[in-house]
Structure formats: C-alpha cells, structure tokens
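Chemist: model this:
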Amino acid sequence: MMPEQVWHARALLAQPDATIASIARLLGVSRATIYKYVPELKSGHRPQLEASPQTTRAELPAG
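Modeler: Below is the predicted model:
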C-alpha cells in the first residue's frame, strides 16, 4: 500500500461504523493487507485520526 492509502485506511478506521472489509474493498486490497499495514488492529485497537503526510495538525478539523 502507498503511504496515502495507509493514511486513508487509518482515517476511515477512525469512523465507528466503518468495517475493515469495506475499507479493504474501497482501497482495492485484502483485509490481510489492512491488518499488515495497520498492525494495532490485531490487538483490537482502532487507530486515531492523524495528519496526512500533506496535512499539518493545524489543518485538521477540530474534534
């Protein structure tokens, strides 16, 4: 996965109604690939939304 895809997957995973299967389909990868690039999922933790490589924290919406 490209860094932008990993960031996109992490951003989508921060949404409570998003599933790993739906994110994998959207990005055109397998669920196993999502687990590989977002290893904290293996322990049951969803990632928090972080700034993208092109976005600074100041540009992220508050919340």
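Chemist: following the helix or strand encompassing residue 11, which helix or strand shows up next?
Modeler: Using DSSP states H and E, residue 11 sits within helix 3-13. With elements assigned by DSSP H and E, the helix or strand that comes after helix 3-13 is helix 20-27.
Chemist: so what secondary structure elements neighbour that next one?
Modeler: Secondary-structure packing of helix 20-27 (3 or more C-beta pairs under 8 Å, 6 or more residues apart in numbering; DSSP states H and E): helix 3-13, helix 31-37. Where you see a C-beta, it was placed from the backbone N, CA and C, and this is true even at glycine.
Chemist: export it to CSV, keeping only CA atoms.
Modeler: C-alpha atoms of helix 20-27 as CSV (Å, rounded to 0.1, in the frame of the first residue of the first chain):
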residue,chain,number,x,y,z
ILE,A,20,-12.2,-3.5,7.7
ALA,A,21,-13.9,-5.4,4.9
SER,A,22,-15.5,-2.2,3.4
ILE,A,23,-12.3,-0.3,3.7
ALA,A,24,-10.3,-3.1,2.0
ARG,A,25,-12.9,-3.1,-0.8
LEU,A,26,-12.7,0.7,-1.2
LEU,A,27,-8.9,0.6,-1.4
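Chemist: run the angle between it and helix 3-13 for me.
Modeler: Relative orientation of helix 20-27 versus helix 3-13 (axes from the mean of the first three to the mean of the last three C-alpha atoms, to 10 degrees): 140 degrees.
Chemist: per-residue confidence at the residue nearest the centre of the chain?
Modeler: Closest residue to the average C-alpha location of the chain: residue 10 at 1.4 Å, with C-alpha atoms, centre = their mean. If you check residue 10, the pLDDT there is 91.
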